[in-house]
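In: Below are the sequence and a predicted model; questions follow.
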Amino acid sequence: MLERLAERAGDNQTARIARQNRRDEEMMARKIAANWDTFVDMTLAENGIEAPRRRASASTRQHREAHDGEAHDGEAIDRQAQRRDAQARVAQDEPVGP
């Protein structure tokens, strides 16, 4: 709304800043939407609630298959470390899906 108001009022600087703010907000909304299920799963796990596993996408299955030999004696990944890693990837605009 600010962008349109500024454009109609002829305030090009405010319109430009409002446009950039809108782009930034839209980018963040896409990033959150793309990772929402992962964040929900991690929050549940941190609170000791085991949620049903979601079906992995084809790309996730390919990634797991490629790295099956890298397992560390079947030990579970520490949930806190996993959450920190996911948060770091989000901060760096990387996908965090399983």
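Out: Good, I have the coordinates.
In: Just checking, which helix or strand of the protein averages the lowest pLDDT?
Out: Of all helical and strand segments in the chain, the minimum by mean pLDDT, DSSP states H and E falls on helix 58-66, at a mean of 57.
In: in the longest helix belonging to the chain, what's buried?
Out: Ordering each helix of the chain by length in residues (DSSP state H) puts helix 12-46 first. Neighbour counts over helix 12-46 (16 or more other C-beta atoms under 10 Å) mark A15, A18, K31, N35, T38, D41, M42 as buried. Every residue, glycine included, has its C-beta placed from N, CA and C.
In: and that helix, what other elements does it pack with?
Out: The contact analysis (3 or more C-beta pairs under 8 Å, 6 or more residues apart in numbering; DSSP states H and E) places helix 12-46 against helix 2-9, helix 79-91.
In: Out of those, which gets the lowest mean score?
Out: Set side by side, those show their lowest mean pLDDT on helix 79-91, which sits at a mean of 63.
In: how much space between Q20 and G10?
Out: The gap separating Q20 from G10 is 18 Å, by C-beta to C-beta, to the nearest Å.
In: and what of R23?
Out: If you go by C-beta to C-beta, the gap between R23 and G10 works out to 21 Å.
In: Thanks again, I'm all set now.
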